[in-house]
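Peer 1: can you look at this prediction? I've put the sequence above it.
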Amino acid sequence: KAGVTQTPRYLIKTRGQQVTLSCSPISGHRSVSWYQQTPGQGLQFLFEYFSETQRNKGNFPGRFSGRQFSNSRSEMNVSTLELGDSALYLCASSLAPRGADTEAFFGQGTRLTVV
Amino acid sequence: SQQGEEDPQALSIQEGENATMNCSYKTSINNLQWYRQNSGRGLVHLILIRSNEREKHSGRLRVTLDTSKKSSSLLITASRAADTASYFCATRPRDSNYQLIWGAGTKLIIKP
């Protein structure tokens, strides 16, 4: 069974640009969560989707958005990039509707650098 | 905001020794999970322990949970070089909107 796939693995963007990151969950998993990981703030929850509906949202500005498609693949978008958005963005999929109540499977992450 | 605090922040031991990491949290939880992360890569789930459980084992891993002290420990026995990684605890607070709240992690180095 293929694991969680995140693309691209690395990105370099300029301040003010926007970026879209993609996540393909494990086949059969309908719950997808996104996290931001930085050395200063650690792992922070961005949002969670289940069956194309956003179930949960972390404390991030509106520049961070996401969506989930009917095949459970998910994308997250960050608009008007700031230097502080440089981070490792991790996607996790799980079988249960509520990802926090069960084992989550993580992708390798997308490392975003904003210059 | 961080719910879990791992202790120690860093731990360096010889191969073959046991490693113990601790996690403390602030509010009542539904479950607590431990994950491992190798050098800036994705996280790997290790163990999930529910609030009504006190101890769980998985291979060389043993996790305990003390809800009265709001703390958990992860013990890795007979450590190997491949155990070198950062270890994170994540809690699902009982009154949360189903978010996992993560600690800052313990960086474990196993010396050959």
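Peer 2: Here it is on my side, so go on.

Peer 1: give me the number of residues near residue 70?
Peer 2: Using chain A here. Other residues near residue A:70 come to 7 when the count uses other Cβ atoms under 10 Å in any protein chain shown. Quick note: C-beta positions are derived from backbone N, CA and C, even for glycine.

Peer 1: wrong one, I was asking about chain B
Peer 2: A count of neighbours around residue B:70, defined by other Cβ under 10 Å, yields 18.

Peer 1: ditto for residue A:58
Peer 2: As a burial measure, the neighbour count of residue A:58 was computed by other Cβ under 10 Å and equals 16.

Peer 1: likewise for residue A:86?
Peer 2: Look at residue A:86: counted by other Cβ under 10 Å, it has 17 neighbours.

Peer 1: residue B:35 and residue B:85 touch, don't they?
Peer 2: No - contact status for residue B:35 versus residue B:85: not in contact, 9.5 Å apart, counting by Cβ atoms under 8 Å.

Peer 1: of the two, who's got more company?
Peer 2: Each of residue B:35 and residue B:85 had its neighbours counted (other Cβ under 10 Å), and the higher figure belongs to residue B:35 (25 against 20).

Peer 1: contact residues of chain B facing chain A?
Peer 2: Proximity of chain B to chain A, by Cβ under 8 Å from any Cβ of the partner chain, involves residues B:2, B:30-31, B:33, B:35, B:40-45, B:48, B:88, B:90, B:92, B:96-105.

Peer 1: apply 6 Å and report the result again.
Peer 2: For chain B, the residues found near chain A under the criterion Cβ under 6 Å from any Cβ of the partner chain are B:41-43, B:45, B:48, B:92, B:97-100, B:102, B:104.

Peer 1: show me the two of these that sit farthest apart.
Peer 2: Of all pairs drawn from these, the greatest distance, 28.1 Å, lies between B:41 and B:97 (Cβ to Cβ).

Peer 1: got the contact list for the residue sitting nearest the centre point of chain A?
Peer 2: Centroid check for chain A by Cα atoms, centre = their mean gives residue A:34 as the closest residue, at 3.1 Å. With contacts defined as Cβ atoms under 6 Å, 6 or more residues apart in numbering or on different chains, residue A:34 is in contact with A:46-47, A:76, A:91.

Peer 1: SS state for residue 49?
Peer 2: Assuming you mean chain A. Secondary structure of residue A:49, reduced to three states by DSSP: H, G, I helix; E, B strand; the rest coil: strand.

Peer 1: so what's it bridging to?
Peer 2: residue A:32, residue A:54 (DSSP bridges).

Peer 1: now do the contacts for the nearest residue to residue B:69 once chain neighbours are set aside.
Peer 2: The spatial neighbour of residue B:69 that comes closest, neighbours along the chain excluded (Cβ to Cβ, 6 or more residues apart in numbering or on different chains), is residue B:24 at 7.8 Å. If you count contacts by Cβ under 6 Å, 6+ apart, residue B:24 has them with B:5, B:70-71.

Peer 1: which ones among the residues you listed map onto strands?
Peer 2: In strands, defined here by DSSP state E, the members of the contacts of residue B:24 are B:5, B:71.

Peer 1: show me what contacts residue B:35?
Peer 2: By Cβ under 6 Å, 6+ apart, the contact list for residue B:35 reads B:43, B:45, B:88.

Peer 1: many thanks, we can stop here.
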